[in-house]
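In: build me a model from this:
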Amino acid sequence: MRKKGISTKVMVQAGFLVAVSIVLTRFLVIMPTNTLRIGLGEVPLMISGFLFGPIVGGIVGAAADLTGIVINPQGPPHFGFTLSSMLWGIIPGLFVALHSKRRKGDPYTKLNITVTVSICIIIISLGLNTYWLSNLYGKGFLVMLPERLMSAIISIPLQSIIIISLMKYLKNVATVFGE
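Out: Take a look at the predicted model:
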């Protein structure tokens with residue numbers, strides 16, 4: 001009989017992804033302007049969703065954002081960004097769960113990962129984060145969108161390639177949810 005809840009192994013792996021996300025988001029990032037941040041902090045969050053499902057993915061996103069705010073704040077805290085961080089883990093987890101229910105086969109194909117990364121970047125980075133920043137800095141949403149669109153054009157292929165490369169190995173090493 002399988003116990004309900006999150007195993008110790010999953011908690012340790014999720015904690016590692018939280019730490020990697022904090023480092024990539026707070027310390028290894030390029031910020032050419034106050035409203036544009038180029039980094040890879042979302043990659044561990046999406047991987048957590050792919051590997052462990054939407055619940056653990058959301059928890060990893062929230063933990064990474066809230067811990068990152070305490071360790072190295074970058075601007076005023078805004079819980080809209082915490083919601084966005086949670087969604088970086090939730091959306092890939094939902095995608096894998098829906099894919100597993102609908103059809104057989106590997107949900108971690110190049111196409112599936114690229115589509116999921118694209119959906120995440122469009123909804124979260126271009127949509128929600130641009131909205132949060134427009135409210136925070138008092139700038140118009142459409143004024144901020146072009147520079148954020150340029151970042152998205154770079155981020156989609158870059159993050160897709162990184163996640164595709166990592167998932168080849170991680171899906172065999174990590175405890176994949178539902179198994």
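In: test my guess that Val56 contacts Val96.
Out: No: under the criterion of CB atoms under 8 Å, Val56 is not in contact with Val96, lying 11.6 Å apart. C-beta: built from backbone N, CA, C; applies to glycine.
In: just confirm Thr67 is within a helix.
Out: Yes: per DSSP: H, G, I helix; E, B strand; the rest coil, Thr67 lies within a helix segment.
In: what's near enough to touch it?
Out: Thr67 sits next to Val18, Ile22 when contact means CB atoms under 8 Å, 6 or more residues apart in numbering.
In: Thr25 touches Ala64, doesn't it?
Out: Yes: counting by CB under 8 Å, Ala64 is a contact partner of Thr25 at 7.0 Å.
In: for the closest residue to Ile55 other than its chain neighbours, give me its contacts.
Out: If the residues on either side of it in the chain are set aside, Ile55 comes closest to Gly93, at 7.2 Å by CB to CB, 6 or more residues apart in numbering. When contacts are counted by CB under 8 Å, 6+ apart, Gly93 is found next to Ser48, Gly49, Phe50, Phe52, Gly53, Pro54, Ile55, Val56, Gly57, Gly58, Phe177.
In: cool, Pro92 as well?
Out: Met46, Ile47, Gly49, Phe50, Gly57, Thr116, Cys120.
In: out of everything not next to it in sequence, what's closest to the first one?
Out: The shortest distance from Met46 to any non-neighbouring residue, by CB to CB, 6+ apart, is to Pro92 (4.7 Å).
In: ok, now how distant is the residue nearest to Asn135 when sequence neighbours are not counted from Leu87?
Out: In this structure, Asn135 finds its nearest non-sequential neighbour in Gly80, 7.7 Å apart by CB to CB, 6+ apart. Counting by CB to CB, to the nearest Å, the separation of Gly80 from Leu87 is 11 Å.
In: mind checking pLDDT for the residue minimising distance to the centre of the chain?
Out: By CA atoms, centre = their mean, the chain has its centre lying nearest to Trp88, at 3.0 Å. Listed pLDDT for Trp88 reads 98.
In: and it, which helix or strand is it part of?
Out: helix 79-102 (DSSP states H and E).
In: buried ones in that helix, by neighbour count?
Out: 81-97, 99 (16 or more other CB atoms under 10 Å).
In: could you name the helices and strands sitting against the lengthiest helix in the chain?
Out: Longest helix of the chain, by residue count under DSSP state H: helix 141-173. Judged by 3 or more CB pairs under 8 Å, 6 or more residues apart in numbering; DSSP states H and E, helix 141-173 is in contact with strand 36-38, helix 42-52, helix 110-120, helix 130-137.
In: highest average neighbour count across the ones you listed?
Out: helix 42-52 (a mean of 29; mean count of other CB atoms under 10 Å).
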